[in-house]
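> return atomic coordinates for the entry below.
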Amino acid sequence: MIGKLTGTVGAGSSDGQLIIEVQGVGYSVRVPLLVLPELKGVVSLYIHTAVRDDAIDLYGFPDEEGLAFFKQLMSVSGIGPKTALAIIGVAEPAALRRAIAAGDAGALTKVFGLGKKSAERIVVELRDKLAAQHAAAGLSVGSGGDGEVVEALMALGYSATEARRALKDLKDEGSAGVKERLSAALRHLGSRSVV
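Down below sits the predicted model:
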């Protein structure tokens, strides 16, 4: 079982499939579409190996949070690895978790091929688990937080990595609201691009 791959990104495609070259061997890995543009050069991906009768598929994530959420989604009846990957490709895992914990099935219906009933099934089966995780982490389910700021920055054309890095640099403004953190992150990103 492959748990993690570190190698050079080879060929890639627009459907979320990459070739990761590790010591002369090229592994075909499916990744969320949101992180695809960020994967260049040498990368490390946490891997989920899906074994079927006719294939062995690898699904890769840049962090353990993405992999854990992917596995949670697959624990829902009727959700396989391709559907779970498509769901994660719509928005940041933190934002999706928050939406599910809040009971917002509409956030999941943006996924191509995922109907209203499947989205509601995901919410029903995962809502309590995710709400408990949010409570254990001291987060309120309805609060905006960094996930909304990252989503807003990505809508403005920044990559998820740039958005996360900008928020990490704003440690002193952790208690500020979403609007304030978004404004501060934009100022920070603007000052970095000028330098």
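
> C-alpha from now on. contacts and neighbour counts both.
Noted.

> tell me which residues of the helix or strand E162 falls within come out buried.
Following DSSP states H and E, one finds E162 within helix 160-169. Of the residues in helix 160-169, A160, E162, A163, R164, A166, L167 count as buried by neighbour count, 16 or more other Cα atoms under 10 Å.

> okay if I get these as JSON lines plus pLDDT and distance to L36?
JSON lines is the format used below for the buried residues of helix 160-169 (pLDDT from 0 to 100; distance: Cα to Cα, whole Å):
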{"residue": "A160", "pLDDT": "65", "distance to L36": "10"}
{"residue": "E162", "pLDDT": "76", "distance to L36": "14"}
{"residue": "A163", "pLDDT": "74", "distance to L36": "15"}
{"residue": "R164", "pLDDT": "71", "distance to L36": "16"}
{"residue": "A166", "pLDDT": "79", "distance to L36": "19"}
{"residue": "L167", "pLDDT": "75", "distance to L36": "21"}
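
> in the chain, which spans are helices?
Ranges of helices within the chain are 64-74, 81-88, 93-101, 116-136, 145-155, 160-169, 178-194, based on DSSP state H.

> might you list the low-confidence residue ranges for this structure?
Residues of the chain meeting the criterion pLDDT under 70: 13-14, 131-148, 151, 154-155, 160, 171-176, 192-195.

> mind giving me the domain split of it?
4-61, 64-136, 145-194 (automatic domain parsing).

> quick one, which of the ones you listed is packed in tightest?
Ranked by mean neighbour count, those are led by domain 64-136 with a mean of 18 (mean count of other Cα atoms under 10 Å).

> the residue nearest to R121 when sequence neighbours are not counted and G7, how far apart?
What sits nearest to R121 in space, not counting adjacent residues and going by Cα to Cα, 6 or more residues apart in numbering, is V76, at 7.6 Å. According to Cα to Cα, to the nearest Å, V76 and G7 sit 32 Å apart.

> from memory L5 sits against V22, does it?
Yes - contact criterion Cα atoms under 8 Å: L5 and V22 qualify, at 7.5 Å.

> contacting residues around the residue nearest to A152 when sequence neighbours are not counted?
Leaving out its chain neighbours, the residue that sits closest to A152 by Cα to Cα, 6+ apart is L182, at 7.7 Å. Contact partners of L182, counting by Cα atoms under 8 Å, 6 or more residues apart in numbering, are V149, A152, L153.

> what bridges to the nearest residue to G3 once chain neighbours are set aside?
Distance criterion Cα to Cα, 6+ apart; nearest residue to G3, sequence neighbours excluded, is I47 at 4.9 Å. Using DSSP bridges, the bridge partners assigned to I47 are G60.

> ok, I47 to A152 distance?
With the distance defined as Cα to Cα, I47 ends up 28 Å from A152.
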